[in-house]
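1. Pasting the sequence and the predicted model now:
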There are 2 protein chains.
Amino acid sequence: VRSVAIIGTGLIGGSFGLALRAAGFEGEIAGVSSPPALEAALRVGAIDRGATLSDAAATADLLFLAQPVRRIIETLAALNEHVHPDALVTDAGSTKQAIVNAAKEKLTRCRFLGGHPMAGSEKTGAGAADANLFRGRPWVVTPTTADDLRDPRAADLLGWLERFGAQVIALDAAAHDRAVAFSSHLPQLASSALAATLGAANPSASAPVFGPGLLDMTRLALSSFDLWNDIFITNRESIADAVGAYIARLTAVHQAISTSDQTALRSLFQSAQELASGLREPRK
Amino acid sequence: VRSVAIIGTGLIGGSFGLALRAAGFEGEIAGVSSPPALEAALRVGAIDRGATLSDAAATADLLFLAQPVRRIIETLAALNEHVHPDALVTDAGSTKQAIVNAAKEKLTRCRFLGGHPMAGSEKTGAGAADANLFRGRPWVVTPTTADDLRDPRAADLLGWLERFGAQVIALDAAAHDRAVAFSSHLPQLASSALAATLGAANPSASAPVFGPGLLDMTRLALSSFDLWNDIFITNRESIADAVGAYIARLTAVHQAISTSDQTALRSLFQSAQELASGLREPRK
């Protein structure tokens, strides 16, 4: 890779640029984004210059689309006439099936490899970008054929991701979407619904009465809806399944609390502890 | 206060001892607990000596009961024949109505002021005790009469709590229990139920696919059931109400996801952000 274009220079796009630089990338990094987003990315050193999509596509041999899901789908279509046939296009979209389908249909002139860095924060914008944002975090890639990972451009990309400290995991796009419905989209909705429940219930007199656990449980509730709307639209069925499973579990909890069923509650805590401890085991 | 007894020298009891020392308390601090808990509290300097309940009660003019709720209720009854009539007994129980009722009935020979420091961690034991655990956190006290806070012993206690950096809030015991059902007990069950849902749903292949938000949302799920059982038993009705309100909210979310109702989802995120931001505003 000699020349990179980052389309969408927010938190993820900006962190990608900073991580490339920190890992020793010496080629040019162009950014395509709104004027304020480009300014923020230039200020932190995540990109070298702002460009138009057609200009960036003409020169870059790696294009990283770090936009909301439906914007990525639009960009894939708009890119096709401009990209270099040797270029690799990859992305950071939070759902993958809709993007992989769109790439197959719309981006016919060069290779595409779907990606999803499982990193982020409640902060947004390149001002919060961090060269270490991806370190120790999964970065899912969604090849559609075995060739997709063997291609030299893809191998090059995976090399940089490993230098970022990311844990690269290859997964089918549909399997990715089902997994994140439970591990990412459900937790977001659980946090937002919890905060909304508290907001509706809490008389102002007792509003300050809470412990540190509530701050953990409402951190995701700070997220902006605009980042999530595309996810809900493009992963509707799996998310509905996950929320349904959560409601079923909570209905059993409600029953156990109401009847002081200590056996059921102890068993709930044991299953929960097991999963929560497993998440915290060091990754191989 | 010249002499303090801490009954139950775990994380909260141990932190109380360390906070007293850090705030300049020079009197004796005796501890009443199991032999390993006393050893841990002695090792970190949270207490000066281990004692039996009757011995500690005979000498202390402030007794701090930092045990699970139903153990506190037992201790209140056992203490009555041993306490000094000028002593003040206070506690750290997570629910207050059952404890205040028991104190009124069983602890007739000295004053009682219910308390609940809204601090803690998923760690347990005096080994994790911290002189700053209560700093910036609410410490609810539950007087039953106006006199309860005017009493010189109580005023003395409140002075120490303020030197700990805690935010003292006086609240009726029943109002406290309703508030924490939403702000503390519901978040615990939401976290445990989320972790259990993920544990049941996640095929092992996609197990490592999660972002940092899931670690926040499952931190409370690491908690031990033994600490929570008494809370569920002594605050059953309010917790069932809170879980019911959460299920109702999630059912609306499920409907909104299934029908791609963007207006409902945007409104959910806005209510949630408002509550979550409010929790993070600096306390007065």
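-> Arrived safely.

2. Please tell me how far A:Ala102 sits from chain B.
-> 18 Å (CB to the nearest CB, to the nearest Å). All C-beta spots, glycine's among them, are computed from the backbone N, C-alpha and C.

3. Find the nearest non-adjacent residue to that residue, please.
-> The shortest distance from A:Ala102 to any non-neighbouring residue, by CB to CB, 6 or more residues apart in numbering or on different chains, is to A:Ile73 (4.4 Å).

4. Spell out the residue ranges of the helices in the stretch 101-250 of chain A.
-> A:147-150, A:152-163, A:173-180, A:186-201, A:212-217, A:225-234, A:236-258 (DSSP state H, counting those that start in this stretch).

5. Point out the most buried one among those helices.
-> helix A:186-201 (a mean of 26; mean count of other CB atoms under 10 Å in any protein chain shown).

6. pLDDT averaged over that one, what's the number?
-> Across helix A:186-201, pLDDT averages out at 96.

7. Stretch A:240-258 too?
-> Mean predicted confidence for stretch A:240-258 is 98.

8. Are that stretch and chain B in contact anywhere?
-> Yes - Stretch A:240-258 is in contact with chain B by CB under 8 Å from any CB of the partner chain, via A:240, A:242-247, A:249-251, A:253-254, A:257-258.

9. That stretch: how far from the chain's middle?
-> 27 Å (CA atoms, centre = their mean, to the nearest Å).

10. and if you look at stretch A:158-169?
-> Centroid separation between stretch A:158-169 and its chain, computed with CA atoms, centre = their mean, is 15 Å.

11. Spell out which residues of the stretch 51-200 of chain A are next to chain B.
-> Residues of the stretch 51-200 of chain A lying near chain B (CB under 8 Å from any CB): A:118-121, A:137-138, A:140, A:167, A:169, A:171, A:175-176, A:178-180, A:182-184, A:186-200.

12. rerun that using 6 Å as the cut-off
-> Taking CB under 6 Å from any CB of the partner chain, the part of the stretch 51-200 of chain A that reaches chain B is made up of A:118, A:138, A:179, A:182-184, A:187, A:189-190, A:192-199.

13. one step back: and the helices of the stretch 101-250 of chain A: which comes nearest A:Glu281?
-> With CB to CB as the criterion, A:Glu281 lies closest to helix A:173-180 of the helices of the stretch 101-250 of chain A, at 17.7 Å.

14. and that closest one, average pLDDT?
-> In the prediction, helix A:173-180 has an average pLDDT of 95.

15. quick one, it and helix A:225-234 angle?
-> 130 degrees (axes from the mean of the first three to the mean of the last three CA atoms, to 10 degrees).

16. these two touch, right, A:Leu63 and A:Ala5?
-> Yes - contact criterion CB atoms under 6 Å: A:Leu63 and A:Ala5 qualify, at 4.8 Å.

17. ok, which stretches of the stretch 51-200 of chain A are strands?
-> A:62-65, A:88-91, A:111-117, A:138-142, A:167-170 (DSSP state E, counting those that start in this stretch).

18. can I get the CA coordinates of the third one in PDB?
-> Below are the C-alpha coordinates for strand A:111-117, written out as PDB (Å, rounded to 0.1, in the frame of the first residue of the first chain):
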ATOM      1  CA  ARG A 111     -11.700  -5.800  -5.000                       C
ATOM      2  CA  PHE A 112     -13.700  -5.300  -1.800                       C
ATOM      3  CA  LEU A 113     -13.100  -6.800   1.700                       C
ATOM      4  CA  GLY A 114     -15.700  -6.000   4.400                       C
ATOM      5  CA  GLY A 115     -14.400  -5.100   7.800                       C
ATOM      6  CA  HIS A 116     -15.700  -4.100  11.300                       C
ATOM      7  CA  PRO A 117     -13.300  -2.900  13.900                       C
END
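
19. Partner strands of it and their direction?
-> Using DSSP bridges, strand A:111-117 pairs in its sheet with strand A:88-91 (parallel), strand A:138-142 (antiparallel).

20. Make CSV from the helices of the stretch 101-250 of chain A and add distance to A:Asn132 to it.
-> Listed next are the helices of the stretch 101-250 of chain A as CSV, based on distance: least, CB to CB, whole Å:
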stretch, distance to A:Asn132
helix A:147-150, 25
helix A:152-163, 12
helix A:173-180, 22
helix A:186-201, 23
helix A:212-217, 22
helix A:225-234, 21
helix A:236-258, 30
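
21. how about CSV for the residues of stretch A:240-258 next to chain B, with distance to B:His84 added?
-> CSV is the format used below for those (distance: CB to CB, whole Å):
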residue, distance to B:His84
A:Ala240, 62
A:Ala242, 57
A:Val243, 56
A:Gly244, 58
A:Ala245, 56
A:Tyr246, 52
A:Ile247, 53
A:Arg249, 50
A:Leu250, 48
A:Thr251, 50
A:Val253, 44
A:His254, 45
A:Ile257, 40
A:Ser258, 42
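
22. Contact partners for the spatially most central residue of chain A?
-> Geometric centre of chain A, nearest residue: A:Ser94, 4.3 Å, by CA atoms, centre = their mean. Listed by CB atoms under 6 Å, 6 or more residues apart in numbering or on different chains, the contact partners of A:Ser94 are A:Ile231.

23. Just read off the phi/psi values of it.
-> Main-chain dihedrals, A:Ser94, degrees, to the nearest 10: phi -80, psi -20.

24. Next, give phi and psi for the residue of the stretch 1-150 of chain A found nearest chain B.
-> Residue of the stretch 1-150 of chain A nearest chain B, by CB to the nearest CB: A:Met118 (4.3 Å). Backbone geometry at A:Met118, expressed as degrees, to the nearest 10, gives phi -90, psi 60.

25. so what pLDDT did it get?
-> pLDDT for A:Met118: 94.

26. Same check on A:Ala205?
-> The model reports A:Ala205 with a pLDDT of 57.

27. same thing with the one 3 residues further on?
-> Per-residue pLDDT puts A:Pro208 at 80.

28. for it, what are its contacts?
-> By CB under 6 Å, 6+ apart, the neighbours of A:Pro208 are B:Pro138.

29. What's the separation between it and A:Gln262?
-> 32 Å (CB to CB, to the nearest Å).

30. The strands of the stretch 51-200 of chain A into TSV, with extra columns for distance to B:Thr108 and mean neighbour count?
-> Formatted as TSV, those follow (distance: least, CB to CB, whole Å; neighbours: other CB atoms under 10 Å in any protein chain shown):
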stretch	distance to B:Thr108	mean neighbour count
strand A:62-65	72	26
strand A:88-91	71	26
strand A:111-117	63	24
strand A:138-142	60	23
strand A:167-170	62	17
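
31. could I get the ones you listed as CSV with distance to B:His82?
-> Formatted as CSV, these follow (distance: least, CB to CB, whole Å):
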stretch, distance to B:His82
strand A:62-65, 71
strand A:88-91, 70
strand A:111-117, 62
strand A:138-142, 58
strand A:167-170, 59
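
32. Kind regards, and thank you for your time.
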